[in-house]
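> Here you go, sequence then predicted model.
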Amino acid sequence: MAKRSFGEEPSPEDKKKVNREGLNKALRIFRFVKPYRGLFLIGLVFLALSQVTMMSFPLLIREIVAVLEKKSQFTLNHVLMALFAVLIGQALFSFGRIYYFTRVSERTMADVRRSLYSKIVTLPIRFFEQRRVGELMSRMTSDVTQLQDVLTITLAELLRGVATLVIGTVVIVTISWKLTLFMLATFPVLVVAAMIFGRYIRKMSKAAQDELAGANIVVEETLQSIQIVKAFTNENLEINRYTSALDRVVKTALKASMFRGTFVSFIIFALFGGIIGVVWYGASLVQSGEMIMADLFGFVLYTAFIGGSVGGLGDMYAQVQKTVGASERILEILDETSEVQPGVGEAIATPVEGEISFRNIRFSYPSRPDVQVLKDISLQVRKGEKIALVGYSGAGKSTIVQLLMRYHTPQGGHIFVDGKDIAGFNITDYRKHIAVVPQEVMLFGGTIRENIAYGRPGATTAEIEEAARKANAYQFILSFPEGFETVVGERGVKLSGGQRQRIAIARAILKDPAILILDEATSSLDAESEKLVQEALDGLMENRTTIIIAHRLATIRNVDQIYVLQQGEIVEQGTHEELSLLEAGLYSGLVKLQFENALNLE
Ligand SMILES: Nc1ncnc2c1ncn2[C@@H]1O[C@H](COP(=O)(O)OP(=O)(O)OP(=O)(O)O)[C@@H](O)[C@H]1O
């Protein structure tokens with residue numbers, strides 16, 4: 001429930017200083033730009049051209065003043081024509097810069113997103129247990145967007161800022177070194193003030209952002225559990241909760257704005273004070289004949305340009321800081337090792353017989369290493385046999401299946417399929433031979449046809465329909481006006497539990513695996529659905545090695561072997577008849593319990 005909304009997640013890494021190591025690491029992200037370096041270079045050329053034209057602007061204004069002072073070799077028309085040319089050049093070059101940088105950044109970001117997504121979906125389950133979905137979404141969205149901003153805007157701005165600073169300084173030194181020195185004397189005050197205020201402002205904005213993220217969590221939680229909110233008629237309570245969260249956002253934001261306001265007023269005061277100082281000193285130089293009016297004009301204009309670019313550099317630094325954090329986080333995921341790797345591991349020998357053997361398996365989940373979930377589990381399933389895992393909730397039934405699926409690796413012991421350790425198989429090749437009919441069937445947004453075809457992408461229409469028939473799903477699918485083309489999932493038709501299960505069975509039939517895992521649904525269906533699902537399952541289990549995680553014991557009377565688990569250990573094992581005979585046994589206790597429950601329900 002306490003998931004963070006993505007996008008606004010506070011990232012303490014952002015506060016990191018930009019050191020060389022971090023920068024070097026972050027620069028690795030630029031390998032994604034490499035394929036588009038040609039376009040990038042063109043963008044840079046346009047950037048340089050637009051910068052040069054931009055910087056010639058004050059020079060031409062200066063020239064106009066010089067013409068008016070009759071101290072120029074050009075006429076007013078000449079200068080105005082030049083100004084016009086600069087204007088057109090500026091428009092064209094800016095267009096080219098934006099166009100080419102956007103092309104590079106859009107393509108690069110698509111590549112980054114694709115790599116990130118491909119990496120994430122091929123990572124082992126262990127990885128997903130340690131990260132929240134919101135966090136991964138935030139990598140895919142806000143971190144990538146941060147990179148994109150840098151590529152399209154910040155990088156250009158940074159280069160422009162530096163160019164303005166360098167070219168501008170050269171020009172003003174040439175115009176008058178005395179005035180330049182005077183101007184530079186005002187700089188340190190500004191820089192020190194910017195540093196002190198900047199730190200506070202960043203801290204305050206961060207706090208405001210965190211508060212906003214907190215408020216968004218309230219919305220997310222409420223929307224996710226809207227039915228519960230309504231059932232407990234707690235709408236007003238939630239509104240109040242959100243209101244007080246918003247109050248905190250406003251309070252923090254206002255506090256931050258106080259600092260920002262003070263800072264901006266101070267900077268404006270200091271900047272204009274500086275300019276007034278420069279004009280005053282410059283005017284005295286003009287009066288004493290050391291300088292002409294036009295030069296003073298040009299000087300002030302260039303100074304304003306330089307001031308603007310230096311002011312922007314602080315913001316740029318914050319952007320670079322953020323980007324270093326964002327790319328580090330993206331690279332961290334890209335550097336993880338995928339479990340799905342072509343060519344790694346042995347291909348499983350076909351046809352797969354489906355003989356399974358667990359030998360002395362010991363296992364704890366990586367997130368809780370101190371709790372031993374499975375203790376010395378050994379079991380044996382022969383080809384085509386059906387076994388059931390039974391036990392109280394939390395006994396370790398699902399964990400056994402997770403290990404067979406290779407979602408996790410046991411700390412002790414080995415699992416063999418057809419006599420070979422499964423750890424040695426290529427994971428994709430291996431999992432192709434196992435199908436799972438899960439407890440809660442998840443349907444993807446799409447048509448019923450697509451959802452069944454998920455079992456074997458590329459299956460023909462005839463095969464999909466045949467699978468639906470065998471899964472007892474054909475009838476209900478055709479009862480929808482759009483039949484197999486009916487859209488299901490979040491935005492489509494809602495299917496009932498029994499219908500969803502039959503879709504999952506059809507998927508498994510299409511996959512046609514040697515090994516089948518049935519995680520029985522805990523909620524019982526009505527008698528009719530139950531019969532249809534059970535029939536479909538019986539058909540599916542035929543000639544396949546099957547492991548059933550059983551919750552309702554009535555359905556497993558005919559399995560070849562029942563394993564009763566208690567706290568990660570197999571405490572009983574045998575057929576239904578054998579185990580029922582153990583008077584004080586756990587299994588007969590469970591059977592009795594369910595029998596009594598069933599009686600109570602009737
Ligand atoms: N991903 C996980 N990380 C940490 N611990 C886990 C994880 N999954 C399960 N566990 C713990 O492992 C133990 C066994 O869980 P498991 O899901 O295998 O039980 P189960 O017998 O299948 O229960 P149920 O019938 O309720 O599904 C439990 O104590 C559970 O809390």
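On my side now, so go ahead.
> so Leu285 touches Met291, yeah?
Yes - look at Leu285 against Met291 with Cβ atoms under 8 Å: they come within range, at 4.3 Å. C-beta: built from backbone N, CA, C; applies to glycine.
> Common neighbours of the two, please.
Ser176, Leu179 (Cβ atoms under 8 Å, 6 or more residues apart in numbering).
> Which residue, neighbours along the chain excluded, lies closest to Ser398?
Ile549 (6.2 Å; Cβ to Cβ, 6 or more residues apart in numbering).
> Which helix or strand contains the single nearest residue of the stretch 51-200 of the chain relative to the ligand?
Per Cβ to the nearest ligand atom, Glu129 is where the stretch 51-200 of the chain lies closest to the ligand, at 5.1 Å. In the assignment (DSSP states H and E), Glu129 maps to helix 125-130.
> and that helix, average pLDDT?
Average pLDDT, helix 125-130: 87.
> contacts for that helix?
Here helix 125-130 has contacts from Glu336, Tyr365, Pro366, Ser367, Gln402, Tyr407, His408, using Cβ under 8 Å, 6+ apart.
> Farthest pair within those residues?
Glu336 and Gln402 (19.6 Å; Cβ to Cβ).
> Looking at the two, which has the bigger crowd around it?
Gln402 (18 against 13; other Cβ atoms under 10 Å).
> how would you label the more buried one: helix, strand or coil?
Of the three states, Gln402 takes helix according to DSSP: H, G, I helix; E, B strand; the rest coil.
> returning to what we had before: when you check the ligand, which of the contacts of helix 125-130 turn up near it?
Tyr365, Ser367 (Cβ under 6 Å from any ligand atom).
> would you turn the contacts of helix 125-130 into CSV with pLDDT, secondary structure and distance to Leu212?
What follows is the contacts of helix 125-130, written out as CSV (pLDDT from 0 to 100; DSSP: H, G, I helix; E, B strand; the rest coil; distance: Cβ to Cβ, whole Å):
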residue, pLDDT, secondary structure, distance to Leu212
Glu336, 91, coil, 30
Tyr365, 92, coil, 34
Pro366, 88, coil, 33
Ser367, 86, coil, 30
Gln402, 93, helix, 38
Tyr407, 93, coil, 36
His408, 93, coil, 37
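> Now do the contacts for the residue nearest to Ser398.
Counted by Cβ under 8 Å, 6+ apart, Ile549 has contacts Ala388, Leu389, Lys397, Ser398, Val401, Gln439, Ile517, Leu518, Asp519, Glu520.
> what's the distance between the closest residue to Leu582 other than its chain neighbours and the ligand?
Excluding the flanking residues, the one nearest Leu582 by Cβ to Cβ, 6+ apart is Ser588, at 5.8 Å. Distance of Ser588 to the ligand, computed by Cβ to the nearest ligand atom, to the nearest Å: 19 Å.
> And for Glu583?
Glu583 is 24 Å from the ligand, by Cβ to the nearest ligand atom.
> Count residues in the vicinity of that residue, would you?
7.
> ditto for Lys178
Around Lys178 there are 13 residues (other Cβ under 10 Å).
> How confident was the prediction at it?
89.
> tell me what whatever helix or strand it lives in is packed against?
Element membership of Lys178, judged by DSSP H and E, is helix 177-224. Where contact means 3 or more Cβ pairs under 8 Å, 6 or more residues apart in numbering; DSSP states H and E, helix 177-224 is packed against helix 155-175, helix 235-287, helix 293-334.
> Using TSV, lay out these together with mean pLDDT, distance to Ile562 and mean neighbour count.
Formatted as TSV, these follow (pLDDT from 0 to 100; distance: least, Cβ to Cβ, whole Å; neighbours: other Cβ atoms under 10 Å):
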stretch	mean pLDDT	distance to Ile562	mean neighbour count
helix 155-175	88	65	18
helix 235-287	89	47	14
helix 293-334	84	42	19
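> how near is Arg37 to the ligand?
Distance from Arg37 to the ligand, counting by Cβ to the nearest ligand atom: 44 Å.
> nope, Thr303 is what I meant
63 Å.
> That residue against Gly277, yeah?
No - counting by Cβ under 8 Å, Gly277 is not a contact partner of Thr303; they are 10.6 Å apart.
> Please work out which residue of the stretch 401-550 of the chain is closest to the ligand.
Closest point on the stretch 401-550 of the chain to the ligand, by Cβ to the nearest ligand atom, is Ile549, at 6.2 Å.
> sorry, back to before: need phi/psi at the residue nearest to Ser398.
Torsion angles at Ile549 (phi, psi; degrees, to the nearest 10) stand at phi -90, psi 110.
> did I read that right, Glu463 in a strand?
No - applying three-state DSSP, one finds Glu463 to be helix, outside a strand.
> so which strand or helix has the most centrally placed residue in the chain?
Nearest to the geometric centre of the chain sits Met137, at 2.6 Å (Cα atoms, centre = their mean). Assessed by DSSP H and E, Met137 sits inside helix 133-138.
> helices and strands around whichever helix or strand comes after that helix, which ones?
For helix 133-138, the succeeding helix or strand toward the C-terminus, using DSSP H and E, is helix 144-149. Other helices and strands packing on helix 144-149, by 3+ Cβ pairs under 8 Å, 6+ apart, are helix 76-121, helix 293-334.
> Same list (the ones you listed) but as JSON lines, adding distance to Lys206.
Below are those laid out as JSON lines (distance: least, Cβ to Cβ, whole Å):
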{"stretch": "helix 76-121", "distance to Lys206": "25"}
{"stretch": "helix 293-334", "distance to Lys206": "11"}
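> Of all those helices, which one is nearest Leu223?
helix 76-121 (24.5 Å).
> that older thread, could you redo the helices and strands packed on helix 177-224 as TSV and give each row distance to Glu535?
As requested, those are arranged in TSV below (distance: least, Cβ to Cβ, whole Å):
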stretch	distance to Glu535
helix 155-175	63
helix 235-287	45
helix 293-334	45
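> closest one to Arg500 among those?
So among the helices and strands packed on helix 177-224, helix 235-287 is nearest, using Cβ to Cβ, at 30.4 Å.
> what angle separates that closest one from helix 177-224?
For helix 235-287 against helix 177-224, the angle by axes from the mean of the first three to the mean of the last three Cα atoms, to 10 degrees is 170 degrees.
> among the contacts of Ile549, which are within reach of the ligand?
Lys397, Ser398.
> Buried ones from the contacts of Ile549, can you make that a ChimeraX selection?
Selection of buried members from the contacts of Ile549 for ChimeraX, criterion 16 or more other Cβ atoms under 10 Å:
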select :388,389,397,398,401,439,517,518,519,520
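> Just the ones of the contacts of Ile549 in helices?
Here DSSP state H is the test, and the contacts of Ile549 give Lys397, Ser398, Val401 as lying in helices.
> So for the helix or strand where Ala26 lies, mean pLDDT?
With elements taken from DSSP H and E, the one containing Ala26 is helix 20-27. Mean pLDDT, computed over helix 20-27, is 75.
> Return the list of helices and strands in contact with the next helix or strand after it.
In the C-terminal direction, the helix or strand that comes right after helix 20-27 (DSSP H and E) is helix 37-68. Secondary structure elements in contact with helix 37-68, counted by 3+ Cβ pairs under 8 Å, 6+ apart, are helix 76-121, helix 155-175, helix 293-334.
> so which of those comes closest to Tyr430?
Using Cβ to Cβ, those put helix 76-121 closest to Tyr430, at 17.3 Å.
> Okay, angle between the closest one and helix 293-334 too, please.
10 degrees.
> mind checking how far helix 76-121 is from the chain centre?
27 Å (Cα atoms, centre = their mean, to the nearest Å).
> Output the contacting helices and strands for it.
helix 37-68, helix 144-149, helix 155-175, helix 293-334.
> okay, the ones in helices among the contacts of Ile549 in JSON lines with distance to Arg359 next?
Below are the ones in helices among the contacts of Ile549 laid out as JSON lines (distance: Cβ to Cβ, whole Å):
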{"residue": "Lys397", "distance to Arg359": "18"}
{"residue": "Ser398", "distance to Arg359": "20"}
{"residue": "Val401", "distance to Arg359": "17"}
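> Could you export those residues as JSON lines, including distance to His414 and pLDDT?
Formatted as JSON lines, the ones in helices among the contacts of Ile549 follow (distance: Cβ to Cβ, whole Å; pLDDT from 0 to 100):
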{"residue": "Lys397", "distance to His414": "20", "pLDDT": "93"}
{"residue": "Ser398", "distance to His414": "20", "pLDDT": "93"}
{"residue": "Val401", "distance to His414": "16", "pLDDT": "94"}
